[in-house]
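Engineer: Okay, structure incoming, though there's no sequence with it:
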């Protein structure tokens with residue numbers, strides 16, 4: 001059997017498990033612990049394969065310098081390219097990259113809102129984490145003069161933050177006070193839902209943020225401390241109303257703003273609606289290219305092994321196993337985002353074919369490259385694979401399975417080492 005054909009066949013075989021994982025992700029939702037165990041096992045096999053099927057042969061043939069150059073280049077290229085692809089809409093192929101995108105999206109959203117409401121001093125009674133939980137619930141609102149925002153005797157179902165404009169407070173026909181930019185009203189409704197004690201009407205065109213009680217109550221499931229945070233706001237307002245000599249609480253606006261942004265969390269579960277919103281921001285071509293980038297280094301190494309006559313059974317097994325959870329978790333996420341099963345299968349089918357072609361390229365490179373060049377090329381592929389394991393596979397495995405993934409990782413490493421030891 002010719003070297004190019006062997007490389008192509010092995011490349012297709014190693015990547016074929018992408019389709020297996022895609023089918024499983026479409027038709028079956030395995031337990032998180034099982035997915036974590038498979039992903040951790042695949043991580044262990046790849047780590048061992050990098051050490052004994054890539055690093056050791058390259059070191060024995062050309063020394064340490066090609067390893068340093070190759071691993072540094074591979075890790076850098078992988079990180080830069082994947083970051084660019086994720087920014088172009090390819091993030092949804094991995095749960096971890098989806099969360100990273102959501103994290104930055106939430107930071108941008110929080111920064112924009114804080115630019116508009118950070119001067120509302122009463123909000124500084126909230127901790128940064130409490131404020132961060134509230135920001136996604138705020139709805140921008142613009143009203144014309146004369147608009148009734150709160151009606152005396154009506155059920156209290158929302159709170160308002162004034163960004164610009166003025167409003168007037170009425171008790172019956174009597175005007176009690178005026179409200180301006182940087183003030184808030186209606187907060188009692190979020191805690192008690194009691195009837196409004198006064199009417200609030202816009203005096204000028206106004207820009208506000210509204211916090212609905214229904215959304216607030218739903219968020220309490222994930223952040224129950226918000227209730228106590230709002231109680232602190234009410235207590236402070238009462239204190240400032242009854243004690244005219246009370247000293248204002250001095251808070252550094254910039255410092256508070258930074259603390260809120262630093263408290264952005266992504267551990268709140270991503271809902272079906274959020275997945276659909278993420279899908280609208282994603283791009284099928286970027287997803288395909290990102291998927292291919294994830295698999296190009298592995299395919300090239302398979303081709304290198306075929307070109308040098310090295311069987312590489314441990315590396316082939318590592319690639320085959322690690323591809324299953326990768327495709328499975330990605331397919332589950334894409335299905336949640338509304339991507340059709342046909343498109344998902346076409347995506348992974350294209351990745352399999354392109355991986356086979358890249359393995360063919362790797363097999364042909366052996367005939368024209370010197371040992372030193374081949375060592376650098378293998379180390380570059382190894383650095384990219386290691387970057388992929390560190391940034392995607394191991395974090396996702398630990399997140400889904402916790403400390404139990406330790407044993408799956410060890411098992412994968414030892415089995416891969418045992419298969420590789422036959423060549424020693």
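Structural biologist: Yes, it's here. From a predicted model like this one, the values you see are computed outputs, not experimental measurements. Numbers count the residues shown, from 1 in each chain.
Engineer: From now on I want contacts and neighbour counts done on CA atoms only, so please keep to that.
Structural biologist: Noted.
Engineer: Which residue ranges of the stretch 301-424 of the chain form helices?
Structural biologist: Ranges of helices in the stretch 301-424 of the chain, per DSSP state H, counting those that start in this stretch, are 313-336, 341-365, 371-388, 394-401, 405-420.
Engineer: what packs against the shortest one?
Structural biologist: In other words, helix 394-401. On a contact count with 3 or more CA pairs under 8 Å, 6 or more residues apart in numbering; DSSP states H and E, helix 394-401 meets helix 32-49, helix 95-117.
Engineer: Buried residues, that helix. List them.
Structural biologist: 394, 395, 396, 397, 398, 400, 401 (16 or more other CA atoms under 10 Å).
Engineer: Okay, now the unreliable bits of the stretch 201-350 of the chain?
Structural biologist: In the predicted model of the stretch 201-350 of the chain, residues 219-288, 310-311, 336-337 satisfy pLDDT under 70.
Engineer: go again using 80 as the cut-off
Structural biologist: Along the stretch 201-350 of the chain, the model assigns pLDDT under 80 to residues 215-292, 294, 307-313, 326, 329-330, 332-339.
Engineer: Which stretches in it count as strands?
Structural biologist: Under the criterion DSSP state E, counting those that start in this stretch, the stretch 201-350 of the chain contains strands at 206-212.
Engineer: again, but for the stretch 1-150 of the chain
Structural biologist: So, for the stretch 1-150 of the chain - with DSSP E, counting those that start in this stretch - the strands run 139-143, 148-150.
Engineer: So for residue 351, which of the ones you listed sits nearest?
Structural biologist: Taking CA to CA, strand 139-143 is the member of the strands of the stretch 1-150 of the chain nearest to residue 351, at 41.5 Å.
Engineer: Does residue 200 lie in a helix or a strand, and which?
Structural biologist: strand 199-202 (DSSP states H and E).
Engineer: Paired strands for that strand, with orientation please.
Structural biologist: The pairing partners recorded for strand 199-202 under DSSP bridges are strand 148-150 (antiparallel), strand 167-171 (antiparallel).
Engineer: Other residues contacting the shortest one?
Structural biologist: Where contact means CA atoms under 8 Å, 6 or more residues apart in numbering, the residues beyond strand 148-150 that reach it are 156, 186, 196, 198, 199, 200, 201, 202.
Engineer: In contact with residue 72: list those residues for me.
Structural biologist: 380, 383.
Engineer: Report pLDDT for it.
Structural biologist: Residue 72 is assigned 97 on the pLDDT scale.
Engineer: From residue 391, how far out is it?
Structural biologist: 15 Å (CA to CA, to the nearest Å).
Engineer: doesn't residue 49 make contact with residue 315?
Structural biologist: Yes: under the criterion of CA atoms under 8 Å, residue 315 makes contact with residue 49 at 5.1 Å.
Engineer: list residues touching both of those two?
Structural biologist: In contact with both residue 315 and residue 49: residue 416, using CA under 8 Å, 6+ apart.
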